[in-house]
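Asks: Can you look at this prediction? I've put the sequence above it.
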Amino acid sequence: MLRLSAGLLSPILLGAILVQAYGTAKPAVMRSALDRGEIRPVSEMIVLAEARLPGQVIAGELEPLGLSRAHEINPLPPNASPFEVNLDARSGALLGAQGLVQERGR
């Protein structure tokens, strides 16, 4: 039989709480974060992405990223495959990308 010590149980519970808070946030939690300025609407991120990246955005959603939140944006550039970029949900800074990414003017 496996027994968990109190010292090990606390980090497990903390991890579960963080996943609950950031991984599967409910609409009311997201709305509250938006009202407090902790995140920007995905519509703003789409405009930002289309100004910085070639093509049109075909999808966007708010996703957990570690202990923060990121907007996952999927642009479809002309004559290329869609790619994915993660933008910080508060600042719009580029956090990472999957696929061949080229910013406008570079």
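Replies: Nice, I can see it.
Asks: going on from the helix or strand of the chain with the lowest mean pLDDT, what's the next piece of helix or strand?
Replies: Every helix and strand in the chain was compared by mean pLDDT, DSSP states H and E; the lowest is helix 6-18, with a mean of 40. The helix or strand immediately downstream of helix 6-18 is helix 27-35, counting by DSSP states H and E.
Asks: Report the separation between E38 and A80.
Replies: The gap separating E38 from A80 is 33 Å, by C-beta to C-beta, to the nearest Å. (C-beta placed from N, C-alpha, C; glycine too.)
Asks: quick one: which helix or strand includes P64?
Replies: P64 is located in strand 56-65, with elements delineated by DSSP H and E.
Asks: Now that strand: buried residues?
Replies: Buried residues in strand 56-65, defined by neighbour count with 16 or more other C-beta atoms under 10 Å: V57, G60, L62, P64, L65.
Asks: Thought S43 was touching the first one, still the case?
Replies: No. Contact status for V57 versus S43: not in contact, 10.2 Å apart, counting by C-beta atoms under 8 Å.
Asks: Would you check that G55 makes contact with P75?
Replies: Yes. Counting by C-beta under 8 Å, G55 does reach P75; the two are 4.8 Å apart.
Asks: Those two: who's more crowded?
Replies: More neighbours surround P75 than the other of G55 and P75, with 24 against 18 (other C-beta atoms under 10 Å).
Asks: Can you tell me the SS state at the more buried one?
Replies: Assigned by DSSP: H, G, I helix; E, B strand; the rest coil, the conformation of P75 is strand.
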